[in-house]
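Chemist: model this:
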Amino acid sequence: MIRCHLIGNYLRNRPLFCVSRLPYFRPKCIVSRGFASLVPVEEFSRRRLALATELGRYVSRTSNTSSKHLLIFPASEVQYMAYHVPYPFHQDSNFLYFTGFLEANAVFALTVLVEPSQNRLEPQILHQEHLFVEVRSPHAELWDGPTLGIDNSIHCTGIRSVHDLQDFSQFLDANHSDTVIWYSHLVQRPTESQTPNKFVLSEVLKLQRRTQKSAREIKNPEPIVDNLRLIKSPTEVNLLRKAAAVTSDCIMATMRFSRPGMSELGLLGVLECEARLHGSSLGYPPVIAGGSRAHIIHYLKNDQILNSGDLVLVDCGCRYGGYTADITRTWPVNGHFSPVQRVLHGILEETQNTCAKAASPDLSLQDVHQIMLTELERHLISEHIIPSKDSKMLVQKICPHSVGHFLGLDVHDTPTVPSTRLLSPGVVFPLEPGLYMRPELKALGVSAEFLGHGLRLEDDFVMSAAGVPVRLTNELPTESRQLEKIIQHGFKGDLKTHSAVMT
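Modeler: As a prediction, the model looks like this:
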């Protein structure tokens, strides 16, 4: 009964506006039947053509002979937490980028013939696209709902050659002769990468044994793919802008709901509820860290009580059309920054503004990172928070993470692209200076009155064609007094009832 009262109060007091909404019922393919196309079929076709072209250019730079290539991109498999209990499905990002197809257990394959020409930068390229999907099964659809099958997949993706998934092994046998295989899961990958599709991995390993290809002969397509994914199209930028707008709404709603005595888990509930009410979902597990728990940069437990005087750091991003925002705000649970907290937050505001003004196509994220460290150092010294002696070392301990990363289908997008890559027009990235004032820093001369707090300020930007970074998160204030106003004009429900539920 108490929970129903709380939910009723929350929904009655919840602002009715929202910046963007998604359709509540999502198709199995982003561009599918009767739904508004978030990414046009033609754009997926252009991406596949660009992949063949970039592969051809890469090959022609290293060889002057004709060559055949087969690129394999599997869909994700359904993962299970227990017998017949699946985890929420998340599509493989490379597979999604080239197909828009949202079903599990599928494979996109691209055959490419590269013929040399006098201009090695423009070789002759012939390519053919193939998609392997599960055929429709009345029994499976009884339990899990309808699938697209072969005919609908042709219409959905624009790939004309769609086959039964069971024919994939035969396809590999027919296309392995004198062919270079490009498949990422036989090369070393980051340990935090997604689990490979076991069916496809097994089939490629069988092919490797039959053809006696060494692991070194299996090439990794991810650097080529990441270079394509790094530069966002106008459609992608629009989707990321909408993802940022929805995330901004969700964060402001969560701020309005904040009260001393509630738990981090309560804020997580509001955040997830708002995302769902927008027809969206969270793009990654959020960080909701009160007090000193904000010192843990990837804190995910989100289960402790928020006390008056605490700051709470919320790092989250909603997914829109497959694309994920990444935004962080830190605010006082009781609605009022203390003088010390306001100084620290002001340093982040100034530092982020300086980084945003400095970012340009002539600089890389690594360059902007150095600007961030310099600005943090200058402000921390001027506020007498750190001594000038060993200040560079102290700043790196106070902010141990980078100023940002690339953003897109994944929150940490295109991981093979180095941070030394220039910020070309179309690159999307967050700027996220942070201050983590851990108690052990006192021994290094950090002012004791500033210890115990953890803050981060993160907004998303796209480098425009004019060479100017454009903020995608304009709906969400950054200044401390603006944040206080949002909290103080927040949820008006019964605090006693609220605390009873949330603790």
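Chemist: would you mark the buried spots in the top helix by length along the chain?
Modeler: Ranked by residue count, the top helix of the chain under DSSP state H comes out as helix 234-257. The neighbour-count check on helix 234-257 (16 or more other C-beta atoms under 10 Å) flags 236-257 as buried. The C-beta positions use only the backbone N, C-alpha and C, and glycine is treated the same way.
Chemist: that helix - contacts with which helices or strands?
Modeler: Judged by 3 or more C-beta pairs under 8 Å, 6 or more residues apart in numbering; DSSP states H and E, the packing partners of helix 234-257 are helix 264-277, strand 311-316, strand 318-320, strand 323-324, strand 327-332, strand 428-431, strand 459-463, helix 480-488.
Chemist: dump those to JSON lines, plus distance to residue 303, mean pLDDT and mean neighbour count.
Modeler: Listed next are the helices and strands packed on helix 234-257 as JSON lines, based on distance: least, C-beta to C-beta, whole Å; pLDDT from 0 to 100; neighbours: other C-beta atoms under 10 Å:
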{"stretch": "helix 264-277", "distance to residue 303": "5", "mean pLDDT": "96", "mean neighbour count": "20"}
{"stretch": "strand 311-316", "distance to residue 303": "13", "mean pLDDT": "98", "mean neighbour count": "26"}
{"stretch": "strand 318-320", "distance to residue 303": "22", "mean pLDDT": "96", "mean neighbour count": "27"}
{"stretch": "strand 323-324", "distance to residue 303": "24", "mean pLDDT": "97", "mean neighbour count": "28"}
{"stretch": "strand 327-332", "distance to residue 303": "19", "mean pLDDT": "99", "mean neighbour count": "24"}
{"stretch": "strand 428-431", "distance to residue 303": "26", "mean pLDDT": "99", "mean neighbour count": "25"}
{"stretch": "strand 459-463", "distance to residue 303": "27", "mean pLDDT": "99", "mean neighbour count": "24"}
{"stretch": "helix 480-488", "distance to residue 303": "22", "mean pLDDT": "95", "mean neighbour count": "16"}
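Chemist: quick one, which of the ones you listed is nearest to residue 230?
Modeler: Among these, strand 428-431 comes nearest to residue 230, with 8.9 Å by C-beta to C-beta.
Chemist: quick one: strands adjacent to that closest one?
Modeler: Strand 428-431 has these partner strands in its sheet, going by DSSP bridges: strand 459-463 (antiparallel).
Chemist: can you list the strands that the very next helix or strand once past the strand it pairs with pairs with?
Modeler: Following strand 459-463 in sequence order, the next helix or strand is strand 469-471 (DSSP states H and E). Taking DSSP bridges as the criterion, strand 469-471 pairs within the sheet with strand 459-463 (antiparallel).
Chemist: between helix 234-257 and the strand it pairs with, find me the angle.
Modeler: If you take axes from the mean of the first three to the mean of the last three C-alpha atoms, to 10 degrees, strand 459-463 sits at 160 degrees to helix 234-257.
Chemist: quick one: strand 459-463 to strand 327-332, angle?
Modeler: 150 degrees.
Chemist: list the contacts of strand 459-463.
Modeler: 232, 237, 240-241, 244, 325-327, 352, 356, 359-361, 407, 423-432, 469-473, 476, 478 (C-beta atoms under 8 Å, 6 or more residues apart in numbering).
Chemist: filter the residues you listed down to the buried ones.
Modeler: Buried by 16+ other C-beta under 10 Å: 232, 237, 240-241, 244, 325-327, 352, 356, 359, 361, 407, 423, 426-432, 469, 471-473, 476, 478, out of those.
Chemist: what pLDDT is listed against the residue nearest the centre of the chain?
Modeler: In the chain, the residue lying closest to the centroid (C-alpha atoms, centre = their mean) is residue 411, at 1.7 Å. Predicted confidence (pLDDT) at residue 411: the value is 97.
Chemist: run through the bridge partners of residue 330.
Modeler: Note on residue 330: beta-bridge partners by DSSP bridges are residue 313.
Chemist: what sits against it?
Modeler: Residues near residue 330 by C-beta under 8 Å, 6+ apart: 294, 311-314, 345, 348, 454-457.
Chemist: would you turn those into a markdown table with distance to residue 182?
Modeler: Output for those, formatted as a markdown table (distance: C-beta to C-beta, whole Å):
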| residue | distance to residue 182 |
| --- | --- |
| 294 | 42 |
| 311 | 47 |
| 312 | 45 |
| 313 | 41 |
| 314 | 40 |
| 345 | 47 |
| 348 | 43 |
| 454 | 43 |
| 455 | 44 |
| 456 | 38 |
| 457 | 40 |
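Chemist: what is the end-to-end distance of stretch 470-489?
Modeler: Its first and final residues considered, stretch 470-489 spans 29 Å by C-alpha to C-alpha, to the nearest Å.
Chemist: what lies in contact with stretch 173-191?
Modeler: Identification of contacts with stretch 173-191 by C-beta under 8 Å, 6+ apart yields 55, 67-72, 74, 94, 111, 196-197, 200-201, 204-205, 207-208, 210-211, 213, 215, 217-222, 415.
Chemist: buried ones among these?
Modeler: Applying 16+ other C-beta under 10 Å to those flags 55, 67, 69-72, 74, 94, 111, 196-197, 200-201, 204, 207-208, 213, 218-222 as buried.
Chemist: in helices, which of those residues appear?
Modeler: 55, 94, 200-201, 204, 207-208, 222.
Chemist: of these, closest to residue 156?
Modeler: Nearest to residue 156 among these, counting by C-beta to C-beta, is residue 94 at 17.8 Å.
Chemist: residues touching that closest one, list them.
Modeler: With contact taken as C-beta under 8 Å, 6+ apart, residue 94 is in contact with 73, 184, 221-222, 225, 229.
Chemist: now tabulate those residues in CSV and tack on distance to residue 274.
Modeler: Converted to CSV, the contacts of residue 94 look like this (distance: C-beta to C-beta, whole Å):
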residue, distance to residue 274
73, 34
184, 35
221, 38
222, 34
225, 33
229, 28
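Chemist: which one of the residues you listed is nearest to residue 132?
Modeler: The closest of those to residue 132 turns out to be residue 73 (C-beta to C-beta; 10.7 Å).
Chemist: surely that closest one is in contact with residue 107?
Modeler: Yes - using C-beta atoms under 8 Å, residue 73 and residue 107 qualify as a contacting pair, with a distance of 7.1 Å.
Chemist: look at those two and report which has more neighbours.
Modeler: Between residue 73 and residue 107, residue 73 has the larger neighbour count (other C-beta atoms under 10 Å), namely 26 against 23.
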